[in-house]
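Undergrad: The following comprises the amino acid sequence and a computationally predicted model.
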Amino acid sequence: MPNVTHLECSLCAQRFEPNRVYNLCSCGGTLYVRYSLSAIKSTWPRESLRSGRTDLWRYLPILPPQRAESIVSLGEGMTPLIRTERLGAAIGSRDLWVKDEGLNPTASFKARGMTTAITIAKELGIRKIAIPSAGNAASAAAAYSAAAGIEAHIFMPKDVPQSNYVECKTLGAAVTLVDGLISDCARIVSERKDQEGWFDMSTLKEPYRVEGKKTMGYEVAEQFDWELPDAIFYPTGGGVGMIGMWKAFDEMEQLGWISAKRPKMIAVQAAGCQPIVRAFDQRASRSEFWQNASTVAAGLRVPKPLGDVLILSILRESAGTAVAVSDEEIIDSGRELAALEGIFAAPEGAACVTAARKLIANGFLKPDDRMVLYNTGSGLKYLDAYSA
Ligand SMILES: Cc1ncc(COP(=O)(O)O)c(C=O)c1O
Ligand SMILES: [Zn+2]
């Protein structure tokens, strides 16, 4: 923590003292953790990573805990970045890679956000957390809460994948299935949290999940020897991973680790819930609630992301775009990725394959562009979707 200087609102830039319990800024903005990057730069050369931990805590100097002993870890991060030549040939790319986040604890990238958020919750003495979730964030919250001895209260749509429900119950969380969407779950948490004494761990409503997710950006840079790819495909629900990676790129540039080059950031959504695609196409600065959201990619069923303003500005600043993919295309792509490469992806990750194929076919990306698809979870958590 000597490295954390303050927290800062991502919208109005108001500053906050570190080491306190926060949710949103009064303007509604998410708070970002800020570090003394110039001091870190002089003491932490990127070469020192060679002897670092083999999980995401290898980046501890730019992560938020005050003390290394606080870390609640299950071995998350440093996931493989796999070159996919056979899939590349099938979709017209000569430089295609998959970052396989399905290998994380609880089989999704949500572990990254929860290792940091639960670590800080524990450090700040929080005893009970509550979270609305499309499924995988709940599993990760339940696992890290169990490891930290924190009580987890989970609210998920009643048609969440069965694996997430069983996983959360087994991990000892208090689970409530809600007849509605993640937005309804979020409302219940915010109505009950004060009376119940819960800390609200909703996506982007606390500052520390972004910090864990940003390590996806540090890792891709390190794994490509400090040159970022030309395009990143990211399955966007709440958009935390994209927001986190973008923050990581800025930090790494200030640390002198990478150049000013940025990938085109591509938000991939499901046809049945595409608020970001619609807002991007309409050149709007924020999204509108997507009515009757429905898709097999449960993590993409977020009808109105809280971070929409941030996501849309990243897409524009990076000269990226937003693409919607139908459920049929998602499952077909998942089968293709599995059969050609041996990677059994979550539907959210599979959606990126279709999106890449479309953007190569329409000339937005070139066959020699280096592209990374984020497979955010394991297909094993979605046996219902694949068997149907
Ligand atoms: C497998 C998977 N991919 C992607 C997402 C979307 O994540 P984000 O909130 O970072 O956009 C989720 C969220 O639940 C998910 O579970
Ligand atoms: Zn603010």
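TA: Arrived safely. Ligands and ions are numbered 1, 2, ... in the order given.
Undergrad: Contact distance from ligand 2 - what residues of this structure qualify?
TA: Residues of the chain lying close to ligand 2 (CB under 5 Å from the ion) are Cys9, Leu11, Cys12, Gln14, Cys25, Cys27, Gly29. Heads up, the C-betas are built off the backbone N, CA and C, glycines and all.
Undergrad: Among those, which lie within strands?
TA: Cys9 (DSSP state E).
Undergrad: Out of the residues of the chain next to ligand 2, which end up buried?
TA: Cys9, Cys25, Gly29 (16 or more other CB atoms under 10 Å).
Undergrad: tell me which of those is nearest to ligand 1?
TA: Gly29 (16.9 Å; CB to the nearest ligand atom).
Undergrad: surely the closest one meets Glu8?
TA: No. The pair Gly29 / Glu8 is not scored as a contact, 9.2 Å apart, by CB atoms under 8 Å.
Undergrad: for the residue in the stretch 1-150 of the chain positioned nearest to ligand 1, what are its contacts?
TA: Nearest residue of the stretch 1-150 of the chain to ligand 1: Asn136, at 3.3 Å (CB to the nearest ligand atom). Asn136 sits next to Thr106, Ala107, Ser108, Phe109, Lys110, Asn164, Ala298, Gly299, Ala346, Thr376, Gly377, Lys381 when contact means CB atoms under 8 Å, 6 or more residues apart in numbering.
Undergrad: okay if I get those as a markdown table plus distance to Ala322?
TA: Shown next, in a markdown table, are the contacts of Asn136 (distance: CB to CB, whole Å):
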| residue | distance to Ala322 |
| --- | --- |
| Thr106 | 28 |
| Ala107 | 26 |
| Ser108 | 22 |
| Phe109 | 19 |
| Lys110 | 22 |
| Asn164 | 26 |
| Ala298 | 19 |
| Gly299 | 16 |
| Ala346 | 19 |
| Thr376 | 16 |
| Gly377 | 20 |
| Lys381 | 25 |
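Undergrad: So, low pLDDT: which residues of this protein?
TA: 1-2 (pLDDT under 70).
Undergrad: where along it do the helices fall?
TA: 37-43, 85-91, 110-123, 136-148, 162-170, 182-196, 209-213, 215-223, 240-254, 275-281, 308-317, 327-341, 347-361, 383-387 (DSSP state H).
Undergrad: want to try TSV for those, with distance to Ser202 as columns?
TA: TSV is the format used below for these (distance: least, CB to CB, whole Å):
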stretch	distance to Ser202
helix 37-43	28
helix 85-91	35
helix 110-123	11
helix 136-148	9
helix 162-170	16
helix 182-196	6
helix 209-213	9
helix 215-223	20
helix 240-254	11
helix 275-281	17
helix 308-317	15
helix 327-341	26
helix 347-361	19
helix 383-387	25
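Undergrad: Out of these, the one nearest Val21 is which?
TA: helix 110-123 (8.6 Å; CB to CB).
Undergrad: thought Ala322 was touching Asp308?
TA: No. Contact criterion CB under 8 Å: Ala322 and Asp308 do not qualify, at 11.1 Å.
Undergrad: Taking the stretch 201-350 of the chain, what residue is nearest to ligand 2?
TA: Proximity of the stretch 201-350 of the chain to ligand 2 (CB to the ion) peaks at Val309, 11.4 Å away.
Undergrad: Spit out the contact partners of the spatially closest residue to that residue that is not a sequence neighbour.
TA: Spatial nearest neighbour of Val309, chain neighbours left out: Arg286 (5.2 Å); criterion: CB to CB, 6 or more residues apart in numbering. For Arg286, the contact set (CB under 8 Å, 6+ apart) comprises Ala279, Asp308, Val309, Leu312.
Undergrad: next one: Ala134
TA: Here Ala134 is in contact with Met156, Pro157, Val160, Ile182, Gly237, Ala298, Gly299, Leu300, Arg301, Val302 (CB under 8 Å, 6+ apart).
Undergrad: Let's see if you can find the most crowded of those.
TA: Gly299 (31 neighbours; other CB atoms under 10 Å).
Undergrad: Just give me the neighbour total for Glu317.
TA: There are 11 residues near Glu317, going by other CB under 10 Å.
Undergrad: How about the contacts made by it?
TA: Arg262.
Undergrad: gap between it and Lys366?
TA: Note on Glu317: its distance to Lys366, by CB to CB, to the nearest Å, is 21 Å.
Undergrad: now do Pro275
TA: 29 Å.
Undergrad: Would you mind telling me which of those two has the busier surroundings?
TA: Using other CB under 10 Å, the more surrounded residue of Pro275 and Lys366 is Pro275, with 24 against 15.
Undergrad: Just the buried positions in stretch 239-250, please.
TA: So, applying 16+ other CB under 10 Å, buried residues of stretch 239-250: Gly239, Val240, Gly241, Met242, Ile243, Gly244, Met245, Trp246, Lys247, Ala248, Phe249.
Undergrad: Identify the residues contacting that stretch?
TA: 30, 32, 109, 113, 203-204, 209-218, 220-221, 228, 232, 234, 236, 258, 262, 265, 267, 276, 305, 307-308, 310-311, 314, 318, 374, 376.
Undergrad: Repeat the analysis, applying 6 Å as the threshold.
TA: Applying CB atoms under 6 Å, 6 or more residues apart in numbering, the external contacts of stretch 239-250 come out as 203, 209-210, 213-214, 216-218, 234, 262, 265, 305, 307, 310-311, 314.
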